[in-house]
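Participant: let's see this in three dimensions:
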Amino acid sequence: MNGIPLLPQSASTFAPPTDALYFTLVAVSGVIAFLVFALIVIFSVRYRRGSPAPRGALPPFIQHEFEIGWTIATLFAFLMFFWWAGANQIYQLLPPSNAMEIHVVAKQWMWKIQHSNGVREINVLHAPVDEPIRLDMTSQDVIHSFAVPAFRIKQDILPGRYVESWFRATKSGSFRLYCTQFCGTAHSSMVGSVVIMSKPDFAAWLAGQRAAGDLAGQGRTLFASLGCAGCHTPGGPIHAPDLAGLFGRKVPLADGTFRLVDDAYIRDCILHPHSNPPAGFDPIMPSFKGEVDDGQILALTAYIRSLAPRTGAR
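Facilitator: Numbering: from 1, shown residues only. As a prediction, the model looks like this:
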C-alpha cells in the first residue's frame, strides 16, 4: 500500500474546499460509527442476561425533550452539510466573466479540443496556470463525462446540448483526463491529459501551433459558404433577423415568450429553426441538420458572438 495516495493530488482551486468537505464527512461519520459501536458493546455487557443492572423506568434525563433535542441537532447538522456542499457546487457552476474560453467536443472515443484562436488538439488540453478556464462542451453522439480528478471537476456532456464547466489550475504539470460515463465498447480508452503550463510557456506554445484562423474567422467563412449572409444581411432580399449585436440579448418568439440568445439557442436555430421562430419573421429558414457538425456550429456561434451592434441600430 506504500506509495498509493489517499486522494489524487490537489491541482486546482476547487480541490481544497472539496477535500475539506470530504474529510469532515469522513470524520463525522467515523465519530458516529464509533459511538454506535461503543454503545452496542457497553449495552451488551451491562445488560447481558443475568446481570444485576436496573431495567426499570428510563432515567429522568432521557425523556421526550432529549429525543426532540437530538433530532433537531441532527437536522441542523444535515442542513449545514447540505449548505456547504451546495455552496461548493454553485461556485463551480459560475465561471468568472474573464475566463479563457476553450471548446470541447466529445465523441466515441476521443476528446476534440479547440482554442479560441483556432488551435486544435486531440485528447490533450493545454492551458495556463492560475488562469480561469471555461470549457464549453457538447457531445457528438452519446453521453460522456469530462472528469479531471486532480482538479475535482466532473461534468456530464449531453448530445444536442451545450454544458459548461471551469477550473483554475494552481500548479503546472500533466493531469489525467477521463470519461467517467460508460459510452460504448472502447469507453476505457477514452482518456487524455490536461497539460498546465506557466503563462509564458503557454503563450509560446500557442504561438507555435498552426491554426487555421481564429474560431470566429472560421465561422465567418462558413457563414458565407452556407449562404447565411444572403438572408441575415440588412437590406437583403429575404426578411431575416440581423445578427449584429444579437448575442446575449433576449428576443421575442412567435409564441409570445422570450429566449436568451446564447450558444444553445443558436444551435437550436441552426438545427431546428422551426421550433423557436423569432417574432415578426416567417419560419422559412431551412434546417442544417446533417450539413454541419458540432465543431462547425461552435465556429458559427463564435462568429455571431463576435458581431458588434451596428451603428445606429436598436
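Participant: where do the helices of the protein begin and end?
Facilitator: Here the chain has its helices, by DSSP state H, at 15-46, 64-93, 199-208, 215-225, 263-271, 294-306.
Participant: report the distance from the first one to the chain centre.
Facilitator: Meaning helix 15-46. 32 Å (C-alpha atoms, centre = their mean, to the nearest Å).
Participant: remind me which residues of the stretch 51-200 of the chain are low pLDDT?
Facilitator: Confidence mapping of the stretch 51-200 of the chain against pLDDT under 70 gives the ranges 55-63.
Participant: with just CA atoms, put stretch 184-191 into CSV.
Facilitator: Provided in CSV are the C-alpha atoms of stretch 184-191 (Å, rounded to 0.1, in the frame of the first residue of the first chain):
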residue,chain,number,x,y,z
GLY,A,184,-19.5,2.2,-25.5
THR,A,185,-17.1,-0.7,-26.1
ALA,A,186,-14.0,1.5,-26.1
HIS,A,187,-15.0,3.6,-23.1
SER,A,188,-11.9,2.6,-21.1
SER,A,189,-9.7,4.1,-23.8
MET,A,190,-11.3,7.5,-23.8
VAL,A,191,-8.6,9.1,-21.8
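Participant: how about the helices of the chain, which one is nearest F182?
Facilitator: helix 294-306 (21.0 Å; C-beta to C-beta). For the C-beta atoms, the positions are set from N, CA and C on the backbone; glycine is no exception.
Participant: mind giving me the packing neighbours of that closest one?
Facilitator: Counting contacts by 3 or more C-beta pairs under 8 Å, 6 or more residues apart in numbering; DSSP states H and E, helix 294-306 packs against strand 100-107, strand 110-115, strand 132-139, helix 215-225, helix 263-271.
Participant: and of the ones you listed, who's closest to I153?
Facilitator: Of the helices and strands packed on helix 294-306, the one closest to I153 (C-beta to C-beta) turns out to be strand 132-139, at 8.8 Å.
Participant: closest one to M80 among the helices and strands packed on helix 294-306?
Facilitator: Per C-beta to C-beta, nearest to M80 of the helices and strands packed on helix 294-306: strand 132-139, 28.5 Å.
Participant: angle of that closest one against helix 263-271?
Facilitator: If you take axes from the mean of the first three to the mean of the last three C-alpha atoms, to 10 degrees, strand 132-139 sits at 30 degrees to helix 263-271.
Participant: how about the CA coordinates for strand 132-139, as PDB?
Facilitator: C-alpha atoms of strand 132-139 as PDB (Å, rounded to 0.1, in the frame of the first residue of the first chain):
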ATOM      1  CA  PRO A 132      -9.700  30.700 -15.100                       C
ATOM      2  CA  ILE A 133     -10.600  28.400 -18.000                       C
ATOM      3  CA  ARG A 134     -14.200  28.000 -19.100                       C
ATOM      4  CA  LEU A 135     -15.000  24.800 -21.000                       C
ATOM      5  CA  ASP A 136     -17.900  25.000 -23.500                       C
ATOM      6  CA  MET A 137     -18.700  21.300 -24.200                       C
ATOM      7  CA  THR A 138     -21.000  19.200 -26.200                       C
ATOM      8  CA  SER A 139     -21.200  15.600 -27.400                       C
END
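Participant: other SSEs contacting that strand?
Facilitator: By 3+ C-beta pairs under 8 Å, 6+ apart, strand 132-139 packs against strand 100-107, strand 153-157, strand 163-168, helix 294-306.
Participant: what bridges to the residue most central in space within the chain?
Facilitator: For the chain, the residue nearest the mean C-alpha position is S165 (2.8 Å; C-alpha atoms, centre = their mean). Beta bridges link S165 to L135, judged by DSSP bridges.
Participant: surely it and Q92 touch.
Facilitator: Yes - between S165 and Q92 there is a contact at 7.4 Å, judged by C-beta atoms under 8 Å.
Participant: pull up the overlap in contacts between these two.
Facilitator: Shared contacts of S165 and Q92 (C-beta atoms under 8 Å, 6 or more residues apart in numbering): I153.
Participant: that'll do, ta.
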